[in-house]
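A.B. asks: Based on what follows, work out the 3D shape:
(2 chains)
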2 protein chains.
Amino acid sequence: MKISEVGEFGLIEIIKNMANRKLVGGIGDDCAVIDIAKEKELLVTTDTLVEGVHFLKDTDAYKLGRKSLAVSVSDVAAMAALPRWAFLSISLRDMELGYVKAFMEGFYSLADEFGIDLLGGDTTKSSVFSVTVTLIGVDDKGKSVKRGGAKVKDNVYVTGKIGCSYAGFEAVIKKIDGYEECKERHNNPYPRLKEALSVKNYANAMIDVSDGLLQDCLHICELSGVAIEIDLDKIPFCDADFVDKEEMLSGGEDYELVFCAPKEYENALNDIDNITKIGEVKEGFGVSVIKNSKQLNIKRLGFKHF
Amino acid sequence: MKISEVGEFGLIEIIKNMANRKLVGGIGDDCAVIDIAKEKELLVTTDTLVEGVHFLKDTDAYKLGRKSLAVSVSDVAAMAALPRWAFLSISLRDMELGYVKAFMEGFYSLADEFGIDLLGGDTTKSSVFSVTVTLIGVDDKGKSVKRGGAKVKDNVYVTGKIGCSYAGFEAVIKKIDGYEECKERHNNPYPRLKEALSVKNYANAMIDVSDGLLQDCLHICELSGVAIEIDLDKIPFCDADFVDKEEMLSGGEDYELVFCAPKEYENALNDIDNITKIGEVKEGFGVSVIKNSKQLNIKRLGFKHF
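C.D. replies: Reported below is the predicted structural model:
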């Protein structure tokens, strides 16, 4: 049997089930949580970007450097924790040194913006350029926001807009002029740490939208044991007109946040910029999308990694 | 200018020098050191293995899984700390699921032997199979052994034998029968954590031999501001007869430990198994090799990564 037959999530299940040792609060959330001292917990996340899979060969090096770190910052933001220390492993073809320097300039620029120190890493030769970032964040013990805390009747919110990154990617691939903001959202996403910290005291559960809005809502459902109902008309879609909304729901790489918060905080959350209420947590299991109170039939849930 | 023109260590220098923020105890030791709580420090290391660069395409999957983690455990051992939490990022061709399962069995087997939990990671598609492991260890604050602590007149010791891994690699490449122990040392190295903890209270400086004995001694010299003189006849070389000793000195991937310890501990260290005194720390800078008190001319220092 080939890996493509089991898919990414199937493979992860197999890897998890093979562990002899108990998995301690790991694999499942955006970050692993490590109890490290009396009052602190560590949040750790690892992300790999591969040339030809996650980015095109001629991608702007500076923006790619930023994005390589941004996707991990987004994971730490999804738990409303502070990103602190990064480790960078780069596998390089015999590329131009100038490209690697521009990549590092981008990496350091985002690191500086978020107060992150690059503490180590590895550089290796390969026939494919790829980047793996491990990012460690910190929080007070028990204070980081998990995927598994959503409660029935919570409101469901999203930051920013959904689908811009996917539209930007499509515009690049199909060589469509314009849509610069979408292309920028795809090539240079900005992690929603500020928003995460603003809603931290209200959110029962949170996740970043990396696999697609519906897929990531499903991850909350799985870990919280709930259903989520989203109102299509309330979703703040990207206004790019050449992409179907259903594709935007499953396109992935938005690096926005989805979170669930009790209704009693609705007024407080109304005062926070850049967030939109899109649905409600229900009893049951799974994600449904409604329009005019009728349930829609959504074919594709999220981005397929294999 | 191409990366191959600056080399791995040149590239790392460039990356370090580009940092705007002060590098806090990072890049330079086997692990980065993070002050995390009043009494604890974290040791973090990242290593990438790439198919066709660090291992052959038909390498035994189980042993490769063990080795992927072992090289990182060796880094934590080099600081005489306890390895605890691993993060595994695997980039996969559309391989047989059975190969990946055998790889994970190997990974978990070594993790279990060293009390390490796999807490997270990433799985991605690629045209090249590669593995990045980030390993976090812990120690009491200030207790881990660094590269920079060697003192003039310290004795220099090495664990195990030098050159077995290189001989094993050559035997595989040249299709030479026999030398199974060497092949095993190359494909399935066993980190010297036990030895590291045995010598922890005596060692002023320590490093693992991954780039080659001489190159890694030079790393100690660089960070300690000292010279190291090694007596060729005292080095416990691998007894494979088809490899030149000079090649064994620069072959790399021994995953033994080199450490420097004050002469007053010589008797205590004599009682510890599997370590050999090979030289002395001197004033000055750089690594020299002597035979019958005469300095040898060594052409190649260590394994070149690019």
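A.B. asks: nearest residue to residue A:182 other than its sequence neighbours?
C.D. replies: Nearest residue to residue A:182 in three dimensions, chain neighbours excluded: residue A:168, at 3.5 Å (Cβ to Cβ, 6 or more residues apart in numbering or on different chains). For every residue, glycine as well, the C-beta is placed using N, CA and C.
A.B. asks: need the strands for chain A, in chain order.
C.D. replies: Along chain A, the stretches classed as strands by DSSP state E are A:32-35, A:40-50, A:82-92, A:117-125, A:130-140, A:155-159, A:205-208, A:227-231, A:257-261, A:275-282, A:286-291, A:294-295.
A.B. asks: Now tabulate those strands in JSON lines and tack on mean neighbour count, mean pLDDT and distance to chain B.
C.D. replies: Listed next are those as JSON lines, based on neighbours: other Cβ atoms under 10 Å in any protein chain shown; pLDDT from 0 to 100; distance: least, Cβ to the nearest Cβ, whole Å:
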{"stretch": "strand A:32-35", "mean neighbour count": "20", "mean pLDDT": "90", "distance to chain B": "4"}
{"stretch": "strand A:40-50", "mean neighbour count": "23", "mean pLDDT": "94", "distance to chain B": "5"}
{"stretch": "strand A:82-92", "mean neighbour count": "24", "mean pLDDT": "95", "distance to chain B": "5"}
{"stretch": "strand A:117-125", "mean neighbour count": "23", "mean pLDDT": "91", "distance to chain B": "4"}
{"stretch": "strand A:130-140", "mean neighbour count": "25", "mean pLDDT": "96", "distance to chain B": "4"}
{"stretch": "strand A:155-159", "mean neighbour count": "24", "mean pLDDT": "98", "distance to chain B": "23"}
{"stretch": "strand A:205-208", "mean neighbour count": "28", "mean pLDDT": "97", "distance to chain B": "14"}
{"stretch": "strand A:227-231", "mean neighbour count": "21", "mean pLDDT": "96", "distance to chain B": "24"}
{"stretch": "strand A:257-261", "mean neighbour count": "28", "mean pLDDT": "98", "distance to chain B": "19"}
{"stretch": "strand A:275-282", "mean neighbour count": "20", "mean pLDDT": "98", "distance to chain B": "26"}
{"stretch": "strand A:286-291", "mean neighbour count": "18", "mean pLDDT": "93", "distance to chain B": "23"}
{"stretch": "strand A:294-295", "mean neighbour count": "9", "mean pLDDT": "90", "distance to chain B": "32"}
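A.B. asks: Show the low-confidence segments of the stretch 151-300 of chain A, by residue range.
C.D. replies: For the stretch 151-300 of chain A, residues meeting the criterion pLDDT under 70 lie at A:299-300.
A.B. asks: show me where it has helices.
C.D. replies: A:164-173, A:180-187, A:193-199, A:213-224, A:245-250, A:266-270 (DSSP state H, counting those that start in this stretch).
A.B. asks: May I see the ones you listed arranged in CSV, with mean neighbour count as well?
C.D. replies: Below are those laid out as CSV (neighbours: other Cβ atoms under 10 Å in any protein chain shown):
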stretch, mean neighbour count
helix A:164-173, 22
helix A:180-187, 20
helix A:193-199, 19
helix A:213-224, 22
helix A:245-250, 19
helix A:266-270, 13
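A.B. asks: Let me have those in CSV, extended by distance to residue B:200.
C.D. replies: What follows is the helices of the stretch 151-300 of chain A, written out as CSV (distance: least, Cβ to Cβ, whole Å):
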stretch, distance to residue B:200
helix A:164-173, 49
helix A:180-187, 48
helix A:193-199, 39
helix A:213-224, 41
helix A:245-250, 53
helix A:266-270, 52
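A.B. asks: which one of those lies closest to residue B:246?
C.D. replies: Across the helices of the stretch 151-300 of chain A, residue B:246 has its closest neighbour in helix A:180-187 (48.8 Å, Cβ to Cβ).
A.B. asks: now the closest one against helix A:164-173, angle please.
C.D. replies: 100 degrees (axes from the mean of the first three to the mean of the last three Cα atoms, to 10 degrees).
A.B. asks: Show me what helix A:180-187 is packed up against.
C.D. replies: The contact analysis (3 or more Cβ pairs under 8 Å, 6 or more residues apart in numbering or on different chains; DSSP states H and E) places helix A:180-187 against helix A:61-77, helix A:164-173.
A.B. asks: Now distance to residue B:204 too, for the strands of chain A, in CSV please.
C.D. replies: Formatted as CSV, the strands of chain A follow (distance: least, Cβ to Cβ, whole Å):
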stretch, distance to residue B:204
strand A:32-35, 30
strand A:40-50, 30
strand A:82-92, 27
strand A:117-125, 22
strand A:130-140, 29
strand A:155-159, 51
strand A:205-208, 45
strand A:227-231, 58
strand A:257-261, 48
strand A:275-282, 55
strand A:286-291, 59
strand A:294-295, 69
